[in-house]
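Novice: Show me how the following folds:
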Amino acid sequence: MISKSEERRNQILVGAFKLFLVKEYADVTTADLEEIIGLSRGAIYYKVKNKEGLYRAVIDKFVFELSYPEKKLTSN
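Specialist: This next block holds a predicted model:
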């Protein structure tokens with residue numbers, strides 16, 4: 001069973017992934033994330049420290065983990 005915290009983090013990562021598909025990294029803003037995810041800025045920054053950390057988490061989850069599930073990089 002997935003925890004509420006993990007569910008929220010996944011929600012953020014999925015929303016960020018969608019944004020990074022249609023916008024360049026430099027053009028993605030916190031306001032974009034708030035709009036697509038439906039969470040407040042505070043809730044987003046509680047789960048991720050900054051945009052670089054968010055981008056790395058998205059790459060980890062949707063590129064690395066899907067390609068190499070046996071070699072998970074992070075515990076978050």
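
Novice: check contacts around Phe62.
Specialist: 13, 17 (C-beta atoms under 8 Å, 6 or more residues apart in numbering). All C-beta spots, glycine's among them, are computed from the backbone N, C-alpha and C.

Novice: Low-confidence bits of the protein, can you list those?
Specialist: Applying pLDDT under 70 to the chain flags residues 69-76.

Novice: Find the centremost residue of this structure, please.
Specialist: Central residue of the chain (C-alpha atoms, centre = their mean): Leu13, 2.3 Å from the mean position.

Novice: quick one: contacts for that residue?
Specialist: 54, 57-58, 61-62.

Novice: Kindly provide the distance from it to Ser5.
Specialist: 13 Å (C-beta to C-beta, to the nearest Å).

Novice: try Lys51
Specialist: 21 Å.

Novice: Repeat that for Asp32.
Specialist: 23 Å.

Novice: between these two, who's got more neighbours?
Specialist: Asp32 (16 against 11; other C-beta atoms under 10 Å).

Novice: wouldn't the more buried one be in contact with Lys23 here?
Specialist: Yes. With contacts counted by C-beta atoms under 8 Å, Asp32 reaches Lys23, the gap being 7.1 Å.
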